[in-house]
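>>> Next come a sequence and a model predicted from it.
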Amino acid sequence: MPIKSATKPVSVNPLKVGQPLGGVLALQGMYRSMPLLHGAQGCSAFSKALLTRHFREPIAVQTSALQEMDVIFDADRNLEEALDHIWSKHHPDVIGVISTALTEVAGVDFQSRVKAFKRERALKESLLFSVSLPDFHGSLETGYSSTVESLIDAVLGLAGGKSPKKQRRTQVNLLPASYLTAGDVMEIKDIIASFGLEVITLPDISTSLSGHLLTGFSPLTRGGTPLDSACQMLESSCTIAIGASMERPARRLDHAAGIPYHLFAGLSGLTASDAFIHFLQKISREPAPVRFRWQRENLLDSMLDAHFYYSGASAVVALEPDHMLSTAAWLEEMGVELKRLITPCSTPALQKTEREVWIGDLDDAEESAQGVDLWISNSHGRKGAARAGASFVPAGLPVYDELGAHTSVSVGYRGTMEWVNKVGNVLLTERGRGG
C-alpha cells in the first residue's frame, strides 16, 4: 500500500528524533566507547540530555564544538583537537565520529581527516570509524542502523578482511533494533542462551544502560560489547537481526564473512514469538525448554482474559518505523482497529507493508485521534492524547514521565503478555468496562 505524507509546510509537535542521536545510542552498547559528534556543542548537549532523561543513566558523548568561524575556515582543526583530547586522556577502545547537519551542509570532508588521524596514531588495537548522519535525512532508527553497519565495517577492517577458517556452530550474532529496550535485549539474549547457544550482541545496551551501582566515574561507556567479543562475531554460524532496519548490517556480515542471517520484523505478539522459538529449535537442534510452553499458555490465557476490553477498541500509533510495525502486529492480534499509523520517515520495510502508513508528526496523530481509545507514542504525545480524549500509552524514545520504561520487556511470550495486560489495564480503567 502506498505511503502517505502530510502536506503541511512545517512540522508541528515533531515525532522525529535525529539520526545523530541514533548513532550515539548505538555506541552506548560498545564497552569503553566514546561517540564524538562533529558539530555544534548544542547537538551533543541535546543528545546527552534526551538520552539521560530516558535511561536515567550517564551517557558517554563528546563534541568537536564547532562555531560559525570554525565551519568557514577550518573545521578539521576542531575535529583533530577533539580526537587528540579523547585519545590521549581516555584511551577508549572504540571512537565513533558522527557528522551532524552542520558539517554535512558545510561539505566538511571529516572522513578523510579521521582516516589521516588513524594512520598518524597507528591505532591498531582500537577502533576509530566515522559515519555520515545528517539530521535532515532519516530518523533515530536509520542513524542507529547506519552506525551499526559502519561499526561492523570497522571490525572487518580490524580483522584484515579475513574470515575465520572455522565457524562455531553454537555461537550466534544478535543485531537488536534501536527501539528494543535494555530489558528487551536481555530477554532476547536469555531466550537464545536457553537453547544452549552462545550469543554475541552488537550493540548491547542491556549491560550498559539497564542500571547499575558501579562506584567511581568514567567518561567512557561502562558495559556493552567488548571489542574482542565484537571481533569474535566473525566466527558465528548465523546472525539474528531484529527489525527490518538491521537487515543491512546483517547482510554486510553475510557478504564479508559468509555468515547467513535471519530477519525478524519484531518479536512482539504470539505469531512472532512462535516463529522465533521455532527458529531457535531449528538452529540449535534442541527442543524448547518447558518454561516457554508455560509462558505461551500464560500469554494465551492473558489474551483470552483481555479480549473483552480490546474488542471494538481503536488506536493511533506514532513510533519509529520498525517499532510501529511490530506494535501494529500484536495490536491486530488483539483485534484492535488501527485508525492511523504514523512514523517520522520512510523505509524499505514500509514500502512492503499492506497497512496504510503516514509520514508525519504528533500533530497529525492528534488530528486523527478524535474518538479513538488508544494513543501509543513517546512522551511528547501525552498532551496531544489528552486533548484528543484518547488513553495514552508511552512507548519508544524518549519516555521520561514513567519509571522503568528502559527496562520494560515487550518481546517473546513473557514480554507480549506484559504489554497485553498493561494496555488492557489502561482500556479497563479509562473506558470503565471492568467488573
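That came in fine, so what should we check first? Numbering: from 1, shown residues only.
>>> burial measure for residue 336, as a count.
Residue 336 has 22 neighbouring residues, counting by other Cβ atoms under 10 Å. Heads up, the C-betas are built off the backbone N, CA and C, glycines and all.
>>> Could you list the low-pLDDT ranges of the stretch 51-200 of the chain?
161-165 (pLDDT under 70).
>>> any chance you could map the strands in it?
Using DSSP state E, counting those that start in this stretch, the strands of the stretch 51-200 of the chain run over residues 62-63, 94-99, 127-131, 168-175, 198-201.
>>> for the stretch 201-350 of the chain, same thing?
With strands called from DSSP E, counting those that start in this stretch, the stretch 201-350 of the chain shows them at 236-242, 261-264, 314-318, 337-343.
>>> For residue 296, which of the ones you listed is the nearest?
Each of those has some distance to residue 296 by Cβ to Cβ; the shortest is strand 261-264, at 17.0 Å.
>>> would residue 26 count as being in a strand?
No - per DSSP: H, G, I helix; E, B strand; the rest coil, residue 26 lies outside any strand segment and is helix.
>>> For it, the count of nearby residues, please.
By other Cβ under 10 Å, 29 other residues sit near residue 26.
>>> Run through the helices of the stretch 151-300 of the chain in chain order.
Using DSSP state H, counting those that start in this stretch, the helices of the stretch 151-300 of the chain run over residues 182-193, 227-231, 247-257, 270-284, 290-310.
>>> ranking the ones you listed by burial, who's on top?
Ranked by mean neighbour count, the helices of the stretch 151-300 of the chain are led by helix 182-193 with a mean of 21 (mean count of other Cβ atoms under 10 Å).
>>> Which residues does it contact?
If you take Cβ atoms under 8 Å, 6 or more residues apart in numbering as the criterion, helix 182-193 is touched by 55, 172, 174, 176, 180, 199, 201, 204-206, 208-211, 240, 242, 267, 276-277, 280, 292, 406-412, 414-415.
>>> do the same with stretch 278-293
With contact meaning Cβ under 8 Å, 6+ apart, stretch 278-293 is reached by 170, 172, 191-192, 194-197, 237-238, 240, 262, 264, 277, 413.
>>> so how far is stretch 13-32 off the chain centroid?
8 Å (Cα atoms, centre = their mean, to the nearest Å).
>>> distance between the ends of it?
From its first residue to its last, stretch 13-32 covers 35 Å (Cα to Cα, to the nearest Å).
>>> For that stretch, give the mean pLDDT please.
The predicted model assigns stretch 13-32 a mean pLDDT of 95.
>>> tell me which residues in that stretch are buried?
Using 16 or more other Cβ atoms under 10 Å as the test for burial, stretch 13-32 gives 15-32.
>>> Now, those that are in helices?
Assigned to helices by DSSP state H, the following of those qualify: 19-27.
>>> can you redo these as CSV with distance to residue 314?
As requested, these are exported to CSV (distance: Cβ to Cβ, whole Å):
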residue, distance to residue 314
19, 32
20, 35
21, 31
22, 30
23, 36
24, 36
25, 32
26, 35
27, 39
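>>> Quickly list the domain ranges of this structure.
Domain ranges of the chain: 19-158, 168-290, 297-431, per automatic domain parsing.
>>> Next, format these as a markdown table and append distance to residue 9.
Output for the domains of the chain, formatted as a markdown table (distance: least, Cβ to Cβ, whole Å):
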| stretch | distance to residue 9 |
| --- | --- |
| domain 19-158 | 15 |
| domain 168-290 | 28 |
| domain 297-431 | 12 |
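>>> So which of those domains is nearest residue 2?
Nearest of the domains of the chain (Cβ to Cβ): domain 297-431, 8.5 Å.
>>> which parts of stretch 341-352 are buried?
For stretch 341-352, burial by neighbour count (16+ other Cβ under 10 Å) applies to 341-347, 349-350.
>>> For these, work out which two are farthest apart.
342 and 349 (15.1 Å).
>>> which non-adjacent residue is nearest residue 269?
Computed as Cβ to Cβ, 6 or more residues apart in numbering, the closest residue to residue 269 that is not its neighbour in sequence is residue 330, at 3.4 Å.
>>> Might you report the residue contacts of that neighbour?
Residue 330 neighbours (Cβ under 8 Å, 6+ apart): 268-270, 272, 416, 419-420.
>>> ok, now how distant is it from residue 243?
Residue 330 sits 15 Å away from residue 243, taking Cβ to Cβ, to the nearest Å as the criterion.
>>> circling back: do you know which of the domains of the chain lies nearest residue 3?
domain 297-431 (5.2 Å).
>>> now that closest one, how far from the centre of its chain.
Relative to its chain's centre, domain 297-431 lies at 17 Å (Cα atoms, centre = their mean).
>>> Give the rounded mean pLDDT of it.
Here domain 297-431 scores 95 as its mean pLDDT.
>>> Contacts only, for residue 378.
Residues near residue 378 by Cβ under 8 Å, 6+ apart: 15, 318-319, 394-399.
>>> Backbone dihedrals for it, please?
Residue 378 adopts backbone torsions of phi -70, psi 180, taken as degrees, to the nearest 10.
>>> nearest residue to it other than its sequence neighbours?
Nearest residue to residue 378, sequence neighbours excluded (Cβ to Cβ, 6+ apart): residue 396, at 4.2 Å.
>>> same thing with residue 18?
Counting by Cβ to Cβ, 6+ apart, residue 18 lies nearest to residue 135, which is 4.0 Å off, once chain neighbours are set aside.
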